[in-house]
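> got a sequence here, can you model it:
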Amino acid sequence: MKKFVWLFGPQAVGKMTIGHELEQLTELKLFHNHMTIEPLFAIFGAAEETWRLSDLFRRYIFEAAAKSNLYGLIFTYVWGFDLQSDWDWVDNVCKTFEAEGVEIYFVELEADLERRLERNKTPHRLEHKRTKRNIEWSEVHLKETMEQHRLNSYDSEITRENYLRINNTNLSAQEVAQMIKKRFDL
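Numbers count the residues shown, from 1 in each chain. Below is the predicted model of the structure:
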């Protein structure tokens with residue numbers, strides 16, 4: 001059965017890096033959220049058109065992946081738990097995959113702010129996320145987003161059967177990827 005692994009948590013928690021590691025350990029393909037943001041940001045900047053088109057591209061990619069012969073997909077996302085629009089978007093994406101019989105796995109990551117600020121500057125992150133290369137701006141944005149929105153769930157808020165929450169403050173991306181692979185038998 002096809003698989004969809006949803007890696008979510010605050011900025012710089014390690015979603016993309018863990019996604020890359022999980023991709024190496026499994027037959028899953030990584031589709032990190034900045035794969036649609038970066039090219040659009042280069043053209044439109046932070047304009048509404050960037051976010052509208054990014055969502056549109058993602059929807060088409062999800063539909064194609066759900067119907068494809070892929071073993072599965074890993075997707076990364078910063079989920080605002082205080083935003084009904086984010087809950088609705090997650091629900092719609094899940095319905096797209098579930099309609100095609102795809103199993104969905106939720107992996108929530110959390111880490112201390114200090115560690116996230118360190119990870120915000122890593123060469124791997126900056127290589128794949130051009131919009132994060134202005135470190136001063138990126139750190140301010142990371143802190144502002146954290147103050148404006150709830151970026152981790154409350155206990156028992158995620159009720160899906162295939163759910164795993166990991167505090168990866170002191171874990172490597174390789175360790176976390178191994179935990180995910182083992183837990184969900186990927």
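> any chance you could list what contacts stretch 74-87?
4-11, 15-16, 19, 22-23, 28-33, 62, 90, 93, 145, 149-154, 157 (C-beta atoms under 8 Å, 6 or more residues apart in numbering). For glycine as for every other residue, the C-beta is placed from the backbone atoms N, C-alpha and C.
> check stretch 16-35 too.
Outside stretch 16-35, the residues within contact range by C-beta under 8 Å, 6+ apart are 3, 5, 7, 15, 61, 65, 70-78, 109, 119, 122, 124-125, 128-129, 131, 168, 173-174, 176-178, 180-181, 186.
> could you pull out the strands for the protein?
3-8, 29-31, 72-77, 103-110, 163-167 (DSSP state E).
> show me which of the contacts of stretch 74-87 are buried.
Among the contacts of stretch 74-87, those classed as buried by 16 or more other C-beta atoms under 10 Å are 4-11, 15-16, 19, 22-23, 28, 30-33, 62, 90, 93, 151-153.
> report the central residue of this structure.
In the chain, the centroid-proximal residue (C-alpha atoms, centre = their mean) is residue 76; its distance is 1.4 Å.
> which residues does it bridge with?
residue 7 (DSSP bridges).
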